[in-house]
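Novice: any chance you can model this:
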Amino acid sequence: MVHPPSGGTVQGPPPAQPPPPTSPVRVPVPPAQAPVPPARRSAWAGSRDRLRAAATTEPGRLWIMGTLVAALVVAFGAVTAFEISDRAASADDVVSRSQPLSADAANIYRSLADADTAAASGFLAGSVEPADVHARYDSDITTASRLLAKAASHTDSSTESGRQIAQLNEQLPRYTGLVERARANNRQGLPLGGAYLRYANQQMSTVLLPAAEKLYEAETGRLYDDYDSAALWPYFGTVVGLLALGGLIYVQRRNYLRTNRVFNHGLVAASAASVVVLLWLVAGHLVAAADLDTSRTHGQESLKVLNDARISSLKARSNENLTLVSRGSVLTKDGKHDQYESDYTKDMAALVSGLDKAKSLANDKAGSAPVKAATDDVATWKARHAAARRTDDSGDYDHALTQVIGRTGSTGQSFDQVDAALDQALGHEQQEFTRAASDGRGALAGLPVGAAVLAVLGAAAAGLGISRRLSEYR
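Specialist: The predicted structure is shown next:
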């Protein structure tokens, strides 16, 4: 046992010391956040919400429907004005641009072919060329040059027509130079004149006339494109017109079912304006298309056939003359036949075929009579040509020459009669074309402006009719 030391007291463990003071723990407080502004909405979204809200009320629905039908009526007038303006422009081109240029191209071909015929006829007449034949040649060359200048002023040089015009302008002086050399040698009695004339004819038949034919085909193709554009049905205008009329009918029927009112004067006026424009559009286009089709079938098609026939007669006459000029020196590739006589036979066959087509296209006596006269003259021409060939083949060149270029009883007289009859037929068909095509163009006159004006009035009437209905809710 352990005893405490004497004289002392028993001491217990020292009292516990309080822990040292500690700093308080600070919990971080997040800073106050600013309120997030709501996302900005687009103008379109706001308009959409307002439109949706308006559609839940009867006045709002009326306003929406009125706006839509008024817009449809205005769109109908605008589309109709645009489409018919395009059709009217094409119809005007048919009358005032395309067909005249096509006719000029045909006259260029005819003038060149006739000049070649006159040159050969003058050469056959001997060293002293008849004054009337020389004047005819000069007139043909002058006409061709004038028409080429006119065509160039209305044609883009980069087009097919422009390229052919440039070639014709370049080659025509070369041809006339060869003809002058042939004349000069012929006046001196030199046989070289015949070679120059044959070379001039070769230039005409292989360079000038093919270029003139391509020019004619290009201009005629442009004419037919204008025909197709003018006759194209106005689909968009018709569809929008039917939509506008259908919308107006729906709004009026809805108004009747809800109010038991039969008529809304504004909507009725808008419907009437739309019906007038729609009927005007359909009737005007149908009349214009019918007249343009008549001008194409009984005008332009007849003109084309008659022009082709006239060109065939000119080529046949030129080859007939050159048969006597060459005196058998130019043969076909097989070496058995005279080249110019062979070409004459082909041209006469084309002439007869063309006259048959022209006769079937003629729709009145004034058009068929000259064609019939030309057909009879062609038969006489062929008989006289056969007689001249027999005379020439028998060795009587001088008599054969008289049978070809004589003033009476010759193939030349028959050719002149055929050419005069064809010219008369062409004049009549040109009048037929101009009258029918002008009527077609006139059927569309006033429609673009009229459609626009009626559409604006119809839209205003529709808006007025709806506003009168809306005023009942105030």
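
Novice: residues contacting the one helix or strand Leu401 maps to, please?
Specialist: Taking DSSP states H and E as the definition, one finds Leu401 inside helix 397-405. With CB atoms under 8 Å, 6 or more residues apart in numbering as the test, helix 397-405 has contacts from 121, 124-125, 320-321, 324, 327, 384-385, 387-389, 391-392, 409-412. Yep, even glycine has a C-beta here, placed from its N, CA and C like the rest.

Novice: cutoff 6 Å now
Specialist: Ser121, Leu124, Ala388, Thr391, Asp392, Ser410, Thr411, Gly412 (CB atoms under 6 Å, 6 or more residues apart in numbering).

Novice: of the residues you listed, closest to Glu217?
Specialist: Relative to Glu217, the closest of those is Ser121; by CB to CB it sits at 28.4 Å.

Novice: wait, isn't Leu278 in contact with Leu242?
Specialist: No: Leu278 lies out of contact with Leu242 (CB atoms under 6 Å); the separation is 7.4 Å.

Novice: looking at these two, which has the bigger crowd around it?
Specialist: Shown here are Leu278 and Leu242; by other CB atoms under 10 Å, Leu278 has more neighbours (20 against 13).

Novice: so that one, which state does it fall into?
Specialist: helix (DSSP: H, G, I helix; E, B strand; the rest coil).

Novice: residues near the closest residue to it other than its chain neighbours, how many?
Specialist: Among residues not flanking Leu278 along the chain, Gly241 sits closest, at 4.3 Å (CB to CB, 6 or more residues apart in numbering). The local packing of Gly241 (other CB under 10 Å) involves 27 other residues.

Novice: which element is Gly241 on?
Specialist: Using DSSP H and E, Gly241 falls within helix 235-259.

Novice: so which elements touch that helix?
Specialist: helix 58-93, helix 265-295 (3 or more CB pairs under 6 Å, 6 or more residues apart in numbering; DSSP states H and E).

Novice: CSV for those, including distance to Pro234?
Specialist: Listed next are those as CSV, based on distance: least, CB to CB, whole Å:
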stretch, distance to Pro234
helix 58-93, 4
helix 265-295, 6
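
Novice: quick one: these as TSV, columns for distance to Arg187 and mean pLDDT too.
Specialist: Below are these laid out as TSV (distance: least, CB to CB, whole Å; pLDDT from 0 to 100):
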stretch	distance to Arg187	mean pLDDT
helix 58-93	49	88
helix 265-295	49	91
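
Novice: any stretches of the stretch 151-300 of the chain with poor pLDDT?
Specialist: In the predicted model of the stretch 151-300 of the chain, residues 260-262 satisfy pLDDT under 70.

Novice: do you know how far Thr67 is from Arg61?
Specialist: 11 Å (CB to CB, to the nearest Å).

Novice: one more: Tyr224?
Specialist: From Tyr224 to Arg61 the distance is 52 Å (CB to CB).

Novice: looking at it, Gln252 is touching Leu267, isn't it?
Specialist: Yes: using CB under 6 Å, Gln252 makes contact with Leu267 at a distance of 5.0 Å.

Novice: right, I'll call it a day here.
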